[in-house]
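Student: Need the 3D shape of this:
(chains A and B)
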Amino acid sequence: MFLSRVKLKENYRTRIYNKKKLVVYFFVMVCIFLLLCVRVGYLMIFRSDHYTELAQQLHERERQIKAARGKLIDRNGVVIASNETVCTVSVIYNQVKEPEKVIQILSETLDMKEEEVRKKVEKISSREKIKSNISKETGDLIRSYDLDGVKVDEDYKRTYPFGSLASKVLGFTGSDNQGIIGLEVEYESYLKGEDGEILTQTDARGVELDYVVEGRKEAVPGQNILLSLDVNIQKYAEQAAVKVFEEKNAGYVSIIVMNPQNGEIYAMVNYPEFNLNDPYTLNYATEVEKGSTEYQDLLNKMWRNQCINDTYEPGSTFKIVTATAGLEEGVVTPESTFSCPGYRIVEDRRIKCHKIAGHGSETFVEATMNSCNPVFIDVGLRVGPERYYTYLERLGLMGKTGVDLPGEAGTIIHKLENVGLVEMATMSFGQSFQITPLQLLRAVSAVINGGTLVTPHFAIGVCDEEGTLTDTFSYETIEGTVTEQTSEIMKDILTKVVSEGGGKNGQVEGYLVGGKTATSEKLPRGNGKYIASFIGFAPADDPQVIAICLINEPEGIYYGGTIAAPVISSLYEEVLPYLNIKKAE
Amino acid sequence: MLRGKRRTRKSYFDYSLMFLIIFMLAFGLLMLYSTSSYNAAIEYGDSTFYLKKQFFSTLLGLFVMFVVANIDYHKFTWTGTVGYVVSLILLFLVMSPLGKTVKGARRWIVIAGISIQPAEVAKISIIMLLALLINNNRQNIRKLSVTAKLFFFCLPLAACIMLITNNMSSALIVVGITFVMLFVASPKYNHYVILGVAGVTVICAYLFMGSGFRSERVDAWLDPESYASGKGYQTLQALYAIGSGGLTGKGLGQSVQKLGYVPEAQNDMIFSIICEELGLFGGIAVILLFLLMIWRFLIIANNAEDLYGSMIVIGVMAHISIQVLLNIAVVTNVLPNTGVTLPFISYGGTSILFLLTEMGLVLSVSKRIKLE
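Tutor: Numbering: from 1, shown residues only, chains lettered A, B, ... in the order given. Predicted coordinates for the structure are as follows:
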């Protein structure tokens, strides 16, 4: 019965209307299919750019090519900060096929804790950095294992061929090759360069397809910076600093050597320096644990550039400024006579001279040679606070020097309205305010170079690999801050200070040196801590080089004239011939 | 004519259709390999994993096709009712432990290690059943009641496919086949226009006013880029593939979207990869190939020996045309995303086997065409 129902009842023929309707259906389908063709055509012609772009964004991964950081080159073309090729090891999670093997090999070759590596290998991310700054040899070794999902990328690491030389000036770079302190920070934008990128295609799992490299944007290496620093002068200065540092068991010794005519700094030493190739290790033994906040504080302290980051009371070297103000104001001439009873009473204060018996009657020149406080109190009071402050302003002592290093400290000084007689008196011989050594050096430079206030600086400009300048930086100079006449007088006086006065130890055989010593008692007074300093320039009649030496907290004899002046003297013995400065007849 | 004898049986065989089928199969295997090899290598460690399976299904299908083609189709009248009942049973078996879930969809049953998709069996069954029923109700097919009665045969199947396997597109195809076959069989138009409009309205209402899941699917359809990480993902990836193909395509094997971006690239979305690799020309060529095939069905159907044979071919024609239409419309985001494969090209063993069986039937019908 079932079968009978499934049998064909009869064998009918197809009717014409069936055929017609089938043709209708066919044409409906033709129309629909053609519309689909139109749709496909629309998508593939008019929407093509849109979808191609979206698809590319989806497919392409950027991988950075690190740009080589620009070099730091000294004035003679010696490279003092360079790059070496190092490797960065990273893993791509979904490409790793043998995680255990990867963890084991990486922890062994990279000398890392297994858990640390495991955490990174097992972290689900498109790319996880395991360790950077490993040597090229280690990188090649890891490459040789040919582990799936382990990528070794080459990178650059900053190296400093001279180790600790000028460490606080040059600064160093961090793990991403960015400047941390010093010139490396200041000229980051020049040195950094532009990272390139490789566009690679990936599949949906994020696996890079080696065979399809879409585009490559080359890295633009950073620009080289030509420095005014001279490695040899820096070395001489550092040797001189080390010698006195050890002899006097000092806290630190700073030396700046500068060209007073244009502000180019030849050397800046802050001894003890630290190793630029290992900047995160203290340069002395300590029990503080590495990595602790305390350790970081100590590191920050170690990295300080005392020449510009710290202020001090300049003491007697500041008498140069007071003398200049007095001469400019006409309240004193070299021949003016004074009398020093060993103290001066200002208001209710009795301010002592360092020679308790007093210098007696003396000319202004003699008073400077003697570094006589009462005379300078008189000169200061004659100039008066308001006028005195304008000279401070003119000589750049109220503002920062504009040196091309980060973190420059500013002047700490009384407000003009608070300056009474006592304050004026103490300021006259360099007390009761604080400036940086570089500020003083710049001010004295202006006094002795004919009145041009220069901007101390390290970078001369951008240079090519050979050290040839391609772009010179310009620095502000202000002319006429001191009259020529006063400048000449000051040079004479300061030359006498060295040839006959308190700066005798600053003499250099065959050269005429001008200068001034200082012995500043550190605050609080009476704690027995001093900063001995000497500022000297040569040749005295046409200064080509000016230098300052600060000895912080020396043990034993602490007079600037006794311990600081010889440092500059010994330095000049090397530097002056080195700079081809002719000996005086 | 030349021999002058009207009943002379010159053995006709639609070689055009056969070569079209073989070309389509070869092209399908090529594109399947291109599309699936990368993922197959990653998932199964064998780039020819999908190709091999499909190749064996194709061989089996070709064998079946030639066997069926050489048997008088009048001997298959029983398959209509039997197939209808069997496919209902198979559909219910999906709910039994024999059922198999692949990628979240429970649409397969596994018998003796072979997985079968009952919906594919249902498609060929409804064709065979309706061809028989239309033939048997030839005399009063113009009556609305008869048309309606015949139409209701497809509903249990469609409902089971829809409810048990949650496969809307296959249900739609079953209904569509029925609709087309009845439309051609009946001399009337107005019934079908009304029915057609009503059907489209119901589907639209179902889509737009449905539950949250479906309306999100519609939202994703209207603006796939806003649903890029959710419902719109597959569609959007297909659009990326099509769009990035451009006029001439990236070249065979050069698709990037097949590298895991387009989910199920070797299945429903294979057309997008064809477009990406072979460009607009390749994409349109595929559409025209199907059109060519449908045209051959038209020729065979209109020259068939009898209404029964003609209706079988019309059913197959309806099946292929609707399925191609749905697939390409979905891939190009003309219609909301619903899982439907591209005949002969998409990966799927049951699909290729039953498609080739249908082709065997069509060729069998073509063999009995009398040349005059």
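
Student: all contacts plus neighbour counts: C-alpha atoms, from now on.
Tutor: Noted.

Student: can stretch A:123-143 be found next to chain B?
Tutor: No. No part of stretch A:123-143 sits near chain B under the criterion CA under 8 Å from any CA of the partner chain; the closest distance found is 15.7 Å.

Student: Please identify the buried residues of that stretch?
Tutor: In terms of neighbour count (16 or more other CA atoms under 10 Å in any protein chain shown), stretch A:123-143 has its buried residues at A:Arg127, A:Glu128, A:Lys129, A:Ile130, A:Ser132, A:Asn133, A:Ile134, A:Ser135, A:Lys136, A:Thr138, A:Gly139, A:Ile142.

Student: Could I have the CA atoms of it written out in PDB?
Tutor: Included here for stretch A:123-143 are C-alpha records, laid out as PDB according to Å, rounded to 0.1, in the frame of the first residue of the first chain:
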ATOM      1  CA  LYS A 123      52.100  35.900  29.900                       C
ATOM      2  CA  ILE A 124      49.600  36.100  27.100                       C
ATOM      3  CA  SER A 125      50.800  39.100  25.100                       C
ATOM      4  CA  SER A 126      51.800  39.600  21.500                       C
ATOM      5  CA  ARG A 127      55.300  40.300  22.500                       C
ATOM      6  CA  GLU A 128      57.000  40.200  25.900                       C
ATOM      7  CA  LYS A 129      60.400  41.500  26.500                       C
ATOM      8  CA  ILE A 130      62.600  39.200  28.600                       C
ATOM      9  CA  LYS A 131      65.800  41.100  28.800                       C
ATOM     10  CA  SER A 132      67.400  44.000  27.000                       C
ATOM     11  CA  ASN A 133      71.000  45.200  26.800                       C
ATOM     12  CA  ILE A 134      72.500  41.700  26.500                       C
ATOM     13  CA  SER A 135      75.700  41.300  24.600                       C
ATOM     14  CA  LYS A 136      75.700  40.500  21.000                       C
ATOM     15  CA  GLU A 137      77.400  37.200  21.700                       C
ATOM     16  CA  THR A 138      74.700  36.100  24.100                       C
ATOM     17  CA  GLY A 139      72.100  37.200  21.600                       C
ATOM     18  CA  ASP A 140      73.800  35.100  18.900                       C
ATOM     19  CA  LEU A 141      73.900  32.200  21.200                       C
ATOM     20  CA  ILE A 142      70.200  32.400  21.900                       C
ATOM     21  CA  ARG A 143      69.600  32.700  18.200                       C
END
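
Student: Tell me the gap between that stretch and the middle of its chain.
Tutor: Here stretch A:123-143 is found 29 Å from its chain centre; the criterion is CA atoms, centre = their mean, to the nearest Å.

Student: for chain B, what's the longest helix?
Tutor: Longest helix in chain B by number of residues (criterion: DSSP state H): helix B:270-303.

Student: So which of the buried residues of stretch A:123-143 sit within strands?
Tutor: A:Glu128, A:Lys129, A:Ile130, A:Ser132, A:Asn133, A:Ile134, A:Ser135 (DSSP state E).

Student: which of these lies closest to chain B?
Tutor: Minimum separation from chain B among these (CA to the nearest CA) is found for A:Glu128, which lies at 22.2 Å.

Student: What's opposite the closest one in the beta bridge?
Tutor: Beta bridges link A:Glu128 to A:Val91 when assigned by DSSP bridges.

Student: Looks like it contacts A:Val91 (just checking).
Tutor: Yes. Using CA atoms under 8 Å, A:Glu128 is in contact with A:Val91, at 5.3 Å.

Student: intersection of neighbour lists for those two?
Tutor: Listed as contacting both A:Glu128 and A:Val91 by CA atoms under 8 Å, 6 or more residues apart in numbering or on different chains are A:Val121.

Student: Let's see stretch A:7-15 as CSV, backbone CA atoms only.
Tutor: What follows is stretch A:7-15 as a C-alpha-only set of coordinates in CSV (Å, rounded to 0.1, in the frame of the first residue of the first chain):
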residue,chain,number,x,y,z
LYS,A,7,4.2,5.2,-7.6
LEU,A,8,3.8,7.8,-10.3
LYS,A,9,0.1,8.0,-11.1
GLU,A,10,0.6,8.8,-14.6
ASN,A,11,3.3,10.0,-16.8
TYR,A,12,2.3,13.5,-17.5
ARG,A,13,4.1,15.8,-20.0
THR,A,14,5.3,19.2,-19.1
ARG,A,15,3.0,21.9,-20.1
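
Student: Spell out which residues of the stretch 251-372 of chain B are next to chain A.
Tutor: So far as CA under 8 Å from any CA goes, the stretch 251-372 of chain B lies against chain A at B:256-257, B:259-261, B:279-280, B:283-284, B:287-288, B:291, B:294-295, B:298, B:302, B:304-308, B:310, B:314, B:321, B:325, B:328-329, B:332.

Student: 6 Å instead?
Tutor: Near chain A, the residues belonging to the stretch 251-372 of chain B are B:Leu259, B:Gly260, B:Tyr261, B:Ile284, B:Asn302, B:Asp306, B:Leu307 when assessed by CA under 6 Å from any CA of the partner chain.

Student: thinking again about what came up before, using TSV, please lay out the ones in strands among the buried residues of stretch A:123-143 together with pLDDT and distance to B:Leu130.
Tutor: TSV is the format used below for these (pLDDT from 0 to 100; distance: CA to CA, whole Å):
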residue	pLDDT	distance to B:Leu130
A:Glu128	81	62
A:Lys129	84	66
A:Ile130	85	68
A:Ser132	80	73
A:Asn133	78	76
A:Ile134	84	76
A:Ser135	84	78
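
Student: out of the residues you listed, who's nearest A:Ser432?
Tutor: Nearest to A:Ser432 among these, counting by CA to CA, is A:Asn133 at 48.5 Å.

Student: circling back to that earlier point, which single one of the ones in strands among the buried residues of stretch A:123-143 is nearest to A:Thr281?
Tutor: When those are compared for distance to A:Thr281, the smallest value, 16.5 Å, is given by A:Asn133; criterion: CA to CA.

Student: State whether that closest one and A:Glu84 are indeed in contact, as I suppose.
Tutor: No. The criterion here is CA atoms under 6 Å, and A:Asn133 misses it with A:Glu84 at 9.8 Å.

Student: Would you mind listing what in chain A touches chain B?
Tutor: That would be A:6, A:9, A:12-14, A:18-19, A:21-22, A:37, A:43-44, A:48, A:51-52, A:55, A:203-204, which are the residues of chain A within reach of chain B (CA under 6 Å from any CA).
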